[in-house]
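Q: Pasted the sequence and its predicted model underneath.
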Amino acid sequence: MSRLLIRNGHVVDPANGHDGPADVLVVGERIEAVGVDLPADGADVIDAGGLLVTPGLIDMHVHLREPGKEEEETIRSGAMSAIAGGITSVACFPNTEPAIDSEGEAEFVVLQGKRAHHANVFPVGAITLGLEGKQLAEMAGLARAGALAFSDADRSVESAEVLRRGMLYARMLDRVVISHCEDRTLRGAGVMNHGVVSLRLGLPGIPNAAEEIVMARDITLARITDSRLHVGQISTSGSVELLRLAKADGLRVTGDVTPHHFTLTDEKVATFDANYKMLPPLRSAADAEALVAGIRDDTIDVITSAHAPHAPEEKDVEFPHAPFGVIGMETLFPITYTELVRRRGLPLSQVISKLTISPARVLGLDAERGSLRPGAIADVSVFDIERERTVDASTFLSHSRNCPFNGISVRGTTMHVVVGGRVVFRDGALASAPEPRR
Amino acid sequence: MEWRHKHLLGLEDLTREEILFILDTAEGFKEVSRRSVKKVPALRGKVIVNLFFEPSTRTRISFELAGARLSADVLNFTGSTSSTQKGESLADTARNIEAMGVDILVVRHSCAGAPHQLARKVSASVVNAGDGAHEHPTQGLLDIFTIRSVRGSLEGLNVAIVGDIGHSRVARSNIWGLQKLGARVFAVGPATLVPRTLEELGVTVCHNLDQVLPEIDVFNMLRIQRERQDHGLFPSIREYSRLFGLNGERLARAKPDVLVLHPGPINRGVELTPDVADGPRSAILNQVTNGLAVRMAVLYLISGGGGPGVQAAH
């Protein structure tokens, strides 16, 4: 069996309380040992001196656009973009064309992920057929094909009764429901956060309440169904408080935030640049502060990219007409690390846990992934966290360029990535040829 | 002072001095309108395109005439014949027109920010002639110009903007300009159209017209869009008019020297009764006349003209 030794790195493995210098030995596709001065014994050696070694990151919210909009992203380009970001597993959302609402569609995603042979690609299945919020999808079939969770992606299930049934089904299948919390009537024609900035710009706003009202409803439904709920892309201080209360009540409710929501604010929209248009929208500085506080006190469990590729011709239009969403897999780690660890002083281990073991637990992957425990599948990422660099979206492996962080200075560069014991990214570059763009 | 701006996108971006500079320049151009030959050669050889993606008659005609009086060549491009309906993007349309050698694009668009996005993509100067609910800087300037020509100064005046503030670009440009020149701004209208957040911009929000009536020096009565009622933002035109319309009875309780403005077109009997619209306190037609001078000043300044007094040399 092949042997790989990642030597002399600073290993942070929150699940096992490891935070210090160590070697990581991989045999075949699994972790063999983590320790000091492990023997090479003819192993392929990666020198990680001065570098950070973590379990491969898990991004539990991405949109890979295949099937349907392959010009924006394919499962292959997305799986490579993930690797460039140090992400070894992604959960891809079902709002494709057609939607991932049947066993066959989910199998297609799994198959394309295997063909891409880079990051592990796990489908998230639809709760309802066509994401229409009416009739439940065949959730058991979706689960059998590999769906780790259920979500109607960027739509809230409007009917509380339909969602209640979906939660009961998900509980029966031991899967989590991921909610996008938004009251469509309060969003209305809104294109940005509702507040003084939207007032100044004359753009219709989306109030915090649009998120919080539905989140309160979904938490109540999780309570009465005794099911697991994960709230995606929390953006408001009120939502953080709702999650805090739900946890204090002992409910099995978790939540995630994105780097753009905790680093950027609605002031950015004054540029009328649609790369600052996403859903939920960039909120106020007070909301961004509350998100950081929620990460710090572990109210917020997971950090995701919510990677949402869009073609330039779709984004480069009048702001109200542009679609919502930004890409983020290749900035997930650098932005999170630079903001939370370097700027805000959060412990590195706490931040890494929200990118590794914590999403693994939400998705039920933690027996095999999200840690460097011996016997676990060898998904490992190695980052240079000292060298400062400028984000340059033109170099991304993603097929899309709608990045809100272009041109900013960050620390956190992916150096090496191992997936299932195979080195897919080495010395800062993909081991194989990247997928050509259109 | 020297004019530094290539574009005029909004009054939020301008300083007090810059606004006064435009007003002073407009004073000079107002004189041109009184001549028998109403034309100066200031922009001879320049090309102005009115790029209107939203229907407008008076603003477009005002810009057209302003350009003509400056001796520029003026072309109109209107949304009804626009290639945007054929799927061409705003940027492509503007670049195509610009490729014909255009110096100034006057842009009206239903989307906030459209002129700002264009200004980044073309090399011509861009004048915002109204973008969504965002700004309508030349309207704000002509309103302020009109008040100043009657009252001498804006300092310390109480100006009430009445109506659908939330959806009004005229209101926003007025708020920025008026506050920069020292006026106190009241936003008056129903709670669904006049958000409390306006107070964060330094505006006094009031939902009762009669309450502020005696304090007000200038009323700027905004046009009420009937589709707002269709969208359920207020119950009925009838009730709106009863609560927020200006009529002779209300005017009698206002200050004797109160000034009444309206950006037009007026819904007679809704925002204003005819006796108020046509009465001695109304400055509505002065606004239209002044609009021409203000737009001449703006076109002149952004194309590199010097400022007050300079055009007298032509």
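A: Yep, that arrived.
Q: Return the alpha-carbon coordinates of stretch A:331-345 using PDB.
A: Below are the C-alpha coordinates for stretch A:331-345, written out as PDB (Å, rounded to 0.1, in the frame of the first residue of the first chain):
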ATOM      1  CA  THR A 331     -11.700  32.300  -0.400                       C
ATOM      2  CA  LEU A 332     -13.400  30.300   2.400                       C
ATOM      3  CA  PHE A 333     -10.200  29.500   4.300                       C
ATOM      4  CA  PRO A 334      -8.100  32.700   3.700                       C
ATOM      5  CA  ILE A 335     -11.000  35.100   4.500                       C
ATOM      6  CA  THR A 336     -12.100  33.100   7.500                       C
ATOM      7  CA  TYR A 337      -8.500  32.700   8.800                       C
ATOM      8  CA  THR A 338      -7.500  36.300   8.200                       C
ATOM      9  CA  GLU A 339     -10.600  37.800   9.700                       C
ATOM     10  CA  LEU A 340     -11.300  35.500  12.600                       C
ATOM     11  CA  VAL A 341      -7.900  34.300  13.700                       C
ATOM     12  CA  ARG A 342      -5.600  37.200  12.700                       C
ATOM     13  CA  ARG A 343      -7.900  40.100  13.100                       C
ATOM     14  CA  ARG A 344     -10.300  39.000  15.700                       C
ATOM     15  CA  GLY A 345      -8.000  36.700  17.700                       C
END
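Q: Okay, buried residues for stretch B:244-264 please.
A: B:244-246, B:250-251, B:254, B:258-264 (16 or more other CB atoms under 10 Å in any protein chain shown). To be clear about C-beta, it is placed using only N, CA and C from the backbone, and glycine gets the same treatment.
Q: Apologies, that question was intended for stretch B:147-164.
A: B:147-149, B:151, B:154, B:157-164.
Q: And for stretch A:166-176?
A: A:166, A:167, A:168, A:169, A:170, A:171, A:173, A:175, A:176.
Q: Now the two most distant members of these.
A: A:168 and A:176 (13.3 Å; CB to CB).
Q: what subset of the buried residues of stretch B:147-164 is also close to chain A?
A: With CB under 8 Å from any CB of the partner chain as the criterion, these include none near chain A.
Q: Show me the two of these that sit farthest apart.
A: Between any two of these (CB to CB), the greatest distance is 26.7 Å, for B:149 and B:164.
Q: Mind jotting down where the helices sit in chain A?
A: Using DSSP state H, the helices found in chain A span residues A:75-84, A:103-116, A:139-145, A:160-172, A:184-187, A:196-201, A:208-225, A:237-248, A:259-263, A:285-296, A:312-315, A:332-336, A:348-353, A:357-363.
Q: can I assume residue A:189 is in contact with residue A:204?
A: Yes. Contact criterion CB atoms under 8 Å: residue A:189 and residue A:204 qualify, at 4.6 Å.
Q: Overlap of the contact sets of these two?
A: residue A:320 (CB atoms under 8 Å, 6 or more residues apart in numbering or on different chains).
Q: With neighbour numbers in mind, choose between the two.
A: residue A:204 (19 against 10; other CB atoms under 10 Å in any protein chain shown).
Q: how near is that one to residue A:147?
A: Distance of residue A:204 to residue A:147, given as CB to CB, to the nearest Å: 35 Å.
Q: Now do the SS call for the residue nearest to the spatial centre of chain B.
A: In chain B, the residue lying closest to the centroid (CA atoms, centre = their mean) is residue B:139, at 1.1 Å. For residue B:139, the assignment made with DSSP: H, G, I helix; E, B strand; the rest coil gives helix.
Q: Isn't it up against residue B:263?
A: Yes. If you go by CB under 8 Å, residue B:139 and residue B:263 touch, sitting 5.6 Å apart.
Q: between the buried residues of stretch B:147-164, which is nearest chain A?
A: Nearest to chain A out of the buried residues of stretch B:147-164 is residue B:164 (CB to the nearest CB; 11.7 Å).
Q: Nearest spatial neighbour of that closest one, chain-adjacent residues omitted?
A: In space, and not counting its chain neighbours, residue B:164 is closest to residue B:193: 4.4 Å by CB to CB, 6 or more residues apart in numbering or on different chains.
Q: list the contacts for that neighbour?
A: B:163, B:164, B:165, B:166, B:167, B:228, B:233, B:234.
Q: what's the pLDDT at the closest residue to the fifth one other than its chain neighbours?
A: Nearest residue to residue B:167 in three dimensions, chain neighbours excluded: residue B:133, at 4.8 Å (CB to CB, 6+ apart). Reported pLDDT at residue B:133 in the predicted model: 96.
Q: residues near the closest residue to residue A:328 other than its chain neighbours, how many?
A: Leaving out its chain neighbours, the residue that sits closest to residue A:328 by CB to CB, 6+ apart is residue A:305, at 3.2 Å. Using other CB under 10 Å, residue A:305 has 31 neighbouring residues.
Q: What residues does residue A:305 make contact with?
A: Neighbour list for residue A:305: A:59, A:61, A:62, A:85, A:87, A:258, A:259, A:327, A:328, A:329, A:331, A:332 [criterion: CB under 8 Å, 6+ apart].
Q: ok, so of these, who is nearest chain B?
A: The closest of those, once distances to chain B are taken by CB to the nearest CB, is residue A:327, at 20.4 Å.
Q: contacting residues around the closest one?
A: Counting by CB under 8 Å, 6+ apart, residue A:327 makes contact with A:81, A:305, A:307, A:308, A:309, A:393, A:396, A:398, A:400, A:401, A:402, A:403.
Q: Output the residues you listed as CSV; include the columns pLDDT and distance to residue A:66.
A: Converted to CSV, the contacts of residue A:327 look like this (pLDDT from 0 to 100; distance: CB to CB, whole Å):
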residue, pLDDT, distance to residue A:66
A:81, 98, 13
A:305, 98, 17
A:307, 98, 13
A:308, 98, 14
A:309, 98, 10
A:393, 97, 21
A:396, 97, 17
A:398, 97, 13
A:400, 97, 13
A:401, 97, 18
A:402, 98, 17
A:403, 98, 20
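Q: From the contacts of residue A:305, which land in strands?
A: A:59, A:61, A:62, A:87 (DSSP state E).
Q: Of those residues, which is the most crowded?
A: Each of the ones in strands among the contacts of residue A:305 was scored for neighbours by other CB under 10 Å, and residue A:87 scores highest at 31 neighbours.
Q: Now do the same for that residue: its pLDDT.
A: Turning to residue A:87, the model gives it a pLDDT of 98.
Q: What of residue B:225?
A: At residue B:225, pLDDT is 85.
Q: would residue B:20 count as being in a helix?
A: Yes. Judged by three-state DSSP, residue B:20 forms part of a helix.
Q: for chain A, what are the nearby residues on chain B?
A: Going by CB under 8 Å from any CB, the residues of chain B near chain A are B:12, B:89-91, B:109, B:111-114, B:116-117, B:131-135, B:166-167, B:169, B:172, B:195, B:197-198, B:200-201.
Q: To what extent is residue B:4 buried, counted in neighbours?
A: Residue B:4 has 7 neighbours, counted by other CB under 10 Å.
Q: now swap in the one 10 residues further on and tell me
A: Other residues lying near residue B:14 total 21 when counted by other CB under 10 Å.
Q: same check, this time on residue A:431
A: Per other CB under 10 Å, the neighbour tally for residue A:431 reads 14.
Q: So the helix or strand of chain A with the lowest mean pLDDT, near chain B or not?
A: The least trusted helix or strand in chain A, going by mean pLDDT, DSSP states H and E, turns out to be helix A:312-315, with a mean of 92. Yes. Using CB under 8 Å from any CB, helix A:312-315 reaches chain B at residue A:313.
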